[in-house]
Every structure is written in C-alpha cells, then in structure tokens.
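> sequence and predicted structure, then a few things I'm wondering about:
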Protein chains: 2
Amino acid sequence: MKKHNFSAGPCILPQEVFKEASQAVLNYNDSGLSIIEISHRSKDFVDIMEEARSLALELLGLEGKGYKALFLQGGASTQFLMAAYNLMESKAGYVNTGSWSAKAIKEAKLFGEVVEVASSKDANYNYIPKGYEVPDDLDYLHLTSNNTIFGTQIKELPTTNIPLVCDMSSDIFSRQLDFSKFDLIYAGAQKNMGPSGTTLVVIKEDILGKVTRQIPSMLDYEVHISKASMFNTPPVFAVYTSMLTLRWLKKLGGIAAIEELNEKKAKLIYSEIDLNPLFKGFAAKEDRSHMNATFTLANGDLKETFDAMWKEAGINGVNGHRSVGGYRASMYNAMTIESVAALVDVMGDLERKA
Amino acid sequence: MKKHNFSAGPCILPQEVFKEASQAVLNYNDSGLSIIEISHRSKDFVDIMEEARSLALELLGLEGKGYKALFLQGGASTQFLMAAYNLMESKAGYVNTGSWSAKAIKEAKLFGEVVEVASSKDANYNYIPKGYEVPDDLDYLHLTSNNTIFGTQIKELPTTNIPLVCDMSSDIFSRQLDFSKFDLIYAGAQKNMGPSGTTLVVIKEDILGKVTRQIPSMLDYEVHISKASMFNTPPVFAVYTSMLTLRWLKKLGGIAAIEELNEKKAKLIYSEIDLNPLFKGFAAKEDRSHMNATFTLANGDLKETFDAMWKEAGINGVNGHRSVGGYRASMYNAMTIESVAALVDVMGDLERKA
C-alpha cells in the first residue's frame, strides 16, 4: 500500500516521477544503459540539464529577463556561504525567521558585517516580522520565504531597492510570486523539485562580479554560469529526477495550477486545526505556511492514541521538529488532497473518540 | 541489449546494483515509500549512511585506525578547495600529474603557497614523475593516484613524513595499497563507488584543527565528522547506491579480489595495444593505469572503420578525451572481463580487416 507521506523533506514526489526515474536507473530511454552510468557530457545528459535549467526559468516566469538557472550540489547550506562569498562586499541584511535563517546568518558573518534587520526569535519564530525598515547601504537583503520547521511563510515582500536574496528551499514552485523581484533565489531540490542532492540557483547575472575577494571555482556563480552548470560532474540522477518533476508541473499547468491545489490542501488542514478543540496551531494565522502546517495536541495524554491512529491510516512523517514539538504536516506540490483528507479524517476521528 | 560501457565516469556499476537501486526508487524495502521520499533522519536512511561509512573504512583496512569516512557533495572539485581550506596553514606540495592535479593546484593557491614538487606536464602528462625530493616544511603533499584523462597511475608512493593527501577519484577500491599511509583520501563516487552526486572523504582525525583560518561550516571536515556526515541533507540516492556497490565489493571478496580481476582486464587490453600494429599506447608502460587505458590509431584513416566496428559490437564510451585524442577504455571495478574481451576482439578484427 502506498503511504500518505507528509515527510518534511526529502519528501513525496509525483508517483509518475518515481516510476520514470526507476525505469531510467535500469535502462534510460531504451539505450541499454542506466541513467547513472552515462557520461554527463553525452548528448542525452546535456539535453536533460538544459531542459531542467530552461523549465526552471520558464515556470518562474524569468525567461529573457537576465537570469540563469544552475543545478549545483551542497544544498541550501552551501548557498548560505556562496551567497555571501559572491555578493557581500562589506555589509548585508538578514531577516531572521527561523533556524535556517540563523544558519545563513552564521555563515555570512565570516564574510562581512551582518545586520539582523528583523527577527521573530523572541516568540520561537511563530510569526513573520513585518513593517521593519531596510537600511539602504546593504549589499543585499536575505530572506527565507518559508520556514519548514516553524510552519510560517512570508506573504508580502519587504519594500526595498537593494538586491533581494531568498532561500526558497521549501516553497519554490508552490505559489505565484513576482520572481523578478529577486536577484538570487536558491532552493534545495528535496521539497518541491526532486530528490536531495541538487540545489537550484536562479541568479540575475548583473549582480555578479562586484566583490573584490577571490572566489574558489566551485563557489563562484560566474564559473558555474560560464560552464552551463557543468563545471564539474553534476549529480546526474538528482538533476534528471528534478527535470521530470518540473515537466510534471508544467504539464499540470505550472505554478498557477499547483497554487490552487496547495491553497485547497492548506484550507483543509487549517480548518481542522482551528475547528477541532483537540488541536492548536503553532504559527500565527496570517503567516501560516501552505507547505508545512505545524500543530500540537491540546492534551498531550492523547498522543499515544493519535499516533497509533495515523500510523494505522497509512500516514507517514507527521512528527513535529524538536524545536516546536507536536506535529507537522508537510504538503508539498506532489501531495494529493486525498492524503491531506486522510489526515484530517484521523484528526476528526480522534475528536469523536476522545 | 546491455552495452559494453567503457565510459570514463559516470560509469558502469554492477548490474545487481542498478536493479536494486531501481527497485528502491519505486518502493524501498517494501515500505510503500520510495528511497528518495523518506526522511534522511529516518532509521532506514541513518542505517544506510552508517553502513556506507563503515564499509568504506572496512574495505580500505582503516577501521580502528583513527579515520572517519564522510559522504559529502560537490565532487573532487570541492575537495580541491576543502583540503587546502582545512589543512594548509602556509605552504603545501603538489605533484602535477594531469588536468585534475592542475585544477587542485589552482584552488590551493588561494590559501597559501603551492610548491609544485614534480610535474609531467612537459610530456602532456604521459608518465608519473619519480625520484623527486619532497621538502619537509610542507603542510601536506597532494597526489592524484590515477589520471583518468591520461591513463597513468602512481604505482609507488613517494617517501615522506609530511601528511599525504590523495585524490583517488578514479582508482579507489580498485587495488590494494597501504591506505594508512594517507591522512586524507577523497574520491568522487562516479567511478568505482556509485553514481555521481556524492564524494567519499576518508580523513585521519588528528590532522584536523591545525589551521588558524575560520572555515565555513559546509567546508569544515570537523563539522561533518561531528554530525556523522549528516550536517545537512545528504544526497540520499547517491549514498544509498554507493552503499550497495560497496556491499557488492565486500561480497566479492573486497579489494584483493577485485584487484585480481582488474589486473586481468588491464593485461588483456594492454597486450592487444602492444601486439596489434594498428594501435599505440599513450602512457609510459611502467605507469599505465589499470583503470583507464589510453591509445591511438597508428593510422588515423582507419578511424571511421574502427568507430563503426566497436559501435556495431555494442561498445560505448571509448572516445578519448580531447587532451589526448584517440581512445580511452575505462575499465572500472564493475566492468566484466567479457566486455574488455569484446573490445579486444574488435581491435583484432580491425587488424585482420585492414
């Protein structure tokens, strides 16, 4: 039986992507070779990489607007340092909305002065700071669009003229935004895009080349751009599977179509959280993430019963992160509304039973 | 029809590994979940990572000798800079045996003085320098054990008391060596170990913590060691498939067993190269790689005929690198002697035909 997989990442991908990727590991495109044994310089793989790069820009509406898409390695954690290495000459601003923002800040401090423009650490990151002033002498402002651990999501971008850098690891491709407002977007693949092992970097070329420090080749965005994202051997399987997922999203109608589904899923779970007296939402209502719903049991004594019930229902991966406790339902693009309904049913059953 | 895949990397892996990895992408271990949708913090994946790390040390004979094994991202290209970042305080030595050594030297120069202890660049890297002196005031000496592009391989290690760092990307796990002579070994997975997307790092812990510079977390070996190779989301599929390949190698009898097979394969192809008047070997005989045999046609006019013949025989990936031209037969661990025989047959057929 296929599970209802609410894992926070690596996470569910479309079932047809699992099938196609699995087949390609045996025999890619009837070539007699596995996708993981072909040269990354072969036409087959160069085509895959180019399709992935171009689908990423197309889906984000950034084609022909001076952006390049790269599929790198090392996760968002490597981007924390690459962003600063490439863009921070003296001072950068960071909005601290959770553990990942805090990690980005830590790495950036090695390269210059970090101004913490706003923070919600005072309330264990259960809200998104708003109405803060952005100094205009910063090299860039860094945001985390969605906070996987705390279940919050930025709904409105701050007004500023300085370059905008955004870690979109956990909500890229999930909702419509004017992506051209950003100068650098990065996202680990393992939520809405593919398996772990590759990181999408979308960068406006004209912000590069402005820092005076020397940058090691593997950390230099300009090097990767000049080599069409193939400076060294790319993570072939992760890029291929990401490309399949982007193809699936395009066929579905792109971000507009998936946003509609994501809104329905979010409405379903948050309604249950708000109406069912046994549960409490963690994040401030206006900042609730459509990707990760965090909630706790009002009465901890019910934990054992509830845990047994959702496991029985074929549900997986809803345990909350230790920083928040309770539960977290991650509902990335590939999750069906039927899976969310299955969880909501169990929550309702608990109420009837308790 | 399954091809004879001589690709230089990504390359052939054991057929049973393709099958098992393919099945896991559909449904891992009958869990109802794909290996690429489970949490990297799940017991299933933590067990995989630990088995991979422990198999690596066991196969290299390094268990209980103060070493740690890590599965990182970014390829050997990232190790070029990490080795220097973590180990070079002022001055390091490099033996320049090919394009990859030269790239390692380029990155290291950002962190201190690089002494090129020896080089075979004068002869387009067709031999391994020998009998050179290693200064004793270096932070470490860096070697490239096997030169994929040129088809040379270090057979005897230089005598020195300074820490030894070695890029073993293209011959790790292929031959017996006293691996405890090295303080840092790194290898991109995509030759003898797995798919592209992960890099094995084997490090003697007591060489760490000696440089004064601050190291970004993702580039710091000590950070990765302290987090058991899970500082951030690892490349799950690449680590899993590498673990399967290491399991296969252990079952086969480990490095001793595969070395015997690799010697037979090398003997078979090099005999043909030496005896068949239509072909010329590129690398100096005493330095010939058992992984990558480089050779050219004595008479370039036969190229079209030869190319048609090996393609007809189901052979793939024998075109030489542009730095050498001609042909390169990469015969990594998973390649059977039957595949090498198929290529040798075609070479013989060409002689009979020409």
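Cool, the structure landed.

> going forward, measure contacts and count neighbours with C-alpha atoms only.
OK.

> the residue of the stretch 251-354 of chain A found nearest chain B - nearest residue in space that isn't next to it in sequence?
Chain B sits closest to residue A:317 of the stretch 251-354 of chain A, with a gap of 7.8 Å, by C-alpha to the nearest C-alpha. Nearest residue to residue A:317, sequence neighbours excluded (C-alpha to C-alpha, 6 or more residues apart in numbering or on different chains): residue A:7, at 4.2 Å.

> that's a strand at the one you found, yeah?
No. Read with DSSP: H, G, I helix; E, B strand; the rest coil, residue A:7 is coil and lies in no strand.

> sorry, back to before: looking at it, the residue of the stretch 251-354 of chain A closest to chain B is touching residue A:10, isn't it?
No. The criterion here is C-alpha atoms under 8 Å, and residue A:317 misses it with residue A:10 at 10.5 Å.

> shared neighbours of the two, anything?
residue B:39 (C-alpha atoms under 8 Å, 6 or more residues apart in numbering or on different chains).

> which ones are touching the residue nearest to residue A:317?
By C-alpha under 8 Å, 6+ apart, the contact list for residue A:7 reads A:316-318, A:329-330, B:37-39.

> got it, and residue A:218?
So residue A:218 contacts A:224, A:231, B:74, B:77-78 (C-alpha under 8 Å, 6+ apart).

> scan those residues and report the most crowded one.
Among the contacts of residue A:218, residue B:74 has the most neighbours (other C-alpha atoms under 10 Å in any protein chain shown), with 25 neighbours.

> put the alpha carbons of the biggest helix by length in chain A into CSV.
For chain A, the helix with the greatest residue count under DSSP state H is helix A:254-275. Provided in CSV are the C-alpha atoms of helix A:254-275 (Å, rounded to 0.1, in the frame of the first residue of the first chain):
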residue,chain,number,x,y,z
GLY,A,254,2.5,25.4,-13.9
ILE,A,255,2.7,27.3,-10.7
ALA,A,256,-0.8,28.8,-11.1
ALA,A,257,-2.4,25.4,-11.2
ILE,A,258,-0.4,23.9,-8.3
GLU,A,259,-1.0,27.0,-6.2
GLU,A,260,-4.8,26.5,-6.4
LEU,A,261,-4.3,22.9,-5.2
ASN,A,262,-1.9,23.9,-2.5
GLU,A,263,-4.5,26.5,-1.2
LYS,A,264,-7.2,23.8,-1.0
LYS,A,265,-4.9,21.5,0.9
ALA,A,266,-3.9,24.2,3.3
LYS,A,267,-7.5,25.3,3.9
LEU,A,268,-8.5,21.7,4.6
ILE,A,269,-5.9,21.1,7.3
TYR,A,270,-6.0,24.5,8.9
SER,A,271,-9.8,24.4,9.1
GLU,A,272,-9.5,21.1,11.0
ILE,A,273,-6.8,22.6,13.3
ASP,A,274,-9.0,25.6,14.1
LEU,A,275,-12.3,23.8,14.5
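
> tell me which helix or strand comes right after that helix.
Counting by DSSP states H and E, the next helix or strand C-terminal to helix A:254-275 is strand A:279-281.

> tell me the strands beside that following strand, with direction?
Strand A:279-281 pairs in its sheet with strand A:292-297 (antiparallel), by DSSP bridges.

> got the contact list for the partner strand?
Contacts of strand A:292-297 (C-alpha under 8 Å, 6+ apart): A:8, A:148-152, A:266, A:269-270, A:273, A:278-283, A:303, A:320, A:325-332.

> please export the C-alpha coordinates of it as PDB.
Taking C-alpha atoms only, strand A:292-297 is exported to PDB below (Å, rounded to 0.1, in the frame of the first residue of the first chain):
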ATOM      1  CA  ASN A 292       4.100  22.900   6.400                       C
ATOM      2  CA  ALA A 293       1.300  23.000   8.900                       C
ATOM      3  CA  THR A 294       2.500  22.900  12.500                       C
ATOM      4  CA  PHE A 295       0.200  22.000  15.300                       C
ATOM      5  CA  THR A 296       0.100  20.400  18.800                       C
ATOM      6  CA  LEU A 297      -2.300  18.400  20.800                       C
END
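
> buried set for that strand?
A:292-297 (16 or more other C-alpha atoms under 10 Å in any protein chain shown).

> next, the angle strand A:292-297 makes with the very next helix or strand once past that strand.
Remark: after strand A:292-297, the chain's next helix or strand is helix A:303-312, criterion DSSP H and E. Here helix A:303-312 runs at an angle of 140 degrees relative to strand A:292-297 (axes from the mean of the first three to the mean of the last three C-alpha atoms, to 10 degrees).

> can you give me the helices in chain A?
Using DSSP H, the helices of chain A run over A:15-26, A:43-59, A:75-87, A:99-108, A:221-226, A:236-252, A:254-275, A:303-312, A:337-353.

> right, and the ones you listed - which one's nearest residue A:202?
helix A:43-59 (7.8 Å; C-alpha to C-alpha).

> show me what that closest one is packed against.
strand A:67-72, helix A:236-252 (3 or more C-alpha pairs under 8 Å, 6 or more residues apart in numbering or on different chains; DSSP states H and E).

> now it, how far from the chain's geometric center?
Chain-centre distance of helix A:43-59: 19 Å, with C-alpha atoms, centre = their mean, to the nearest Å.

> so which bits of that helix are buried?
Neighbour-count burial for helix A:43-59 flags A:45-46, A:48-57, A:59 (criterion: 16+ other C-alpha under 10 Å).

> go on, stretch A:214-234?
Quick answer for stretch A:214-234 (16+ other C-alpha under 10 Å): A:215-225, A:228-230, A:232-234.

> tell me which entries of these lie within strands.
The strands, defined by DSSP state E, take in nothing from the buried residues of stretch A:214-234.

> residue ranges with poor pLDDT in chain A?
Scanning chain A for pLDDT under 70 picks out A:1.

> could you redo the last one with a cut-off of 80?
A:1-2 (pLDDT under 80).

> my read: residue A:28 touches residue A:44, true?
No. Under the criterion of C-alpha under 8 Å, residue A:28 makes no contact with residue A:44, lying 9.3 Å away.

> tell me the contacts of residue A:217?
Contacts of residue A:217 (C-alpha under 8 Å, 6+ apart): A:223, B:107.

> give the contact list for residue A:148.
The contact partners of residue A:148, by C-alpha under 8 Å, 6+ apart, come to A:8, A:170, A:291-292.

> quick check, nearest of those to residue A:66?
So of these, ranked by how close each gets to residue A:66 (C-alpha to C-alpha), first place is residue A:170, at 24.3 Å.

> what are the phi and psi values at the closest one?
Phi and psi for residue A:170, reported as degrees, to the nearest 10, are phi -110, psi 10.

> list the contacts for it?
A:145-148, A:187-188, A:191-192, A:291 are the contacts of residue A:170 under C-alpha under 8 Å, 6+ apart.

> change it to 6 Å
Each residue near residue A:170 by C-alpha atoms under 6 Å, 6 or more residues apart in numbering or on different chains is listed here: A:146, A:191.

> do you know how far it is from chain B?
Distance of residue A:170 to chain B, computed by C-alpha to the nearest C-alpha, to the nearest Å: 13 Å.

> pretty sure residue A:24 sits against residue A:35.
Yes. If you go by C-alpha atoms under 6 Å, residue A:24 and residue A:35 touch, sitting 5.4 Å apart.
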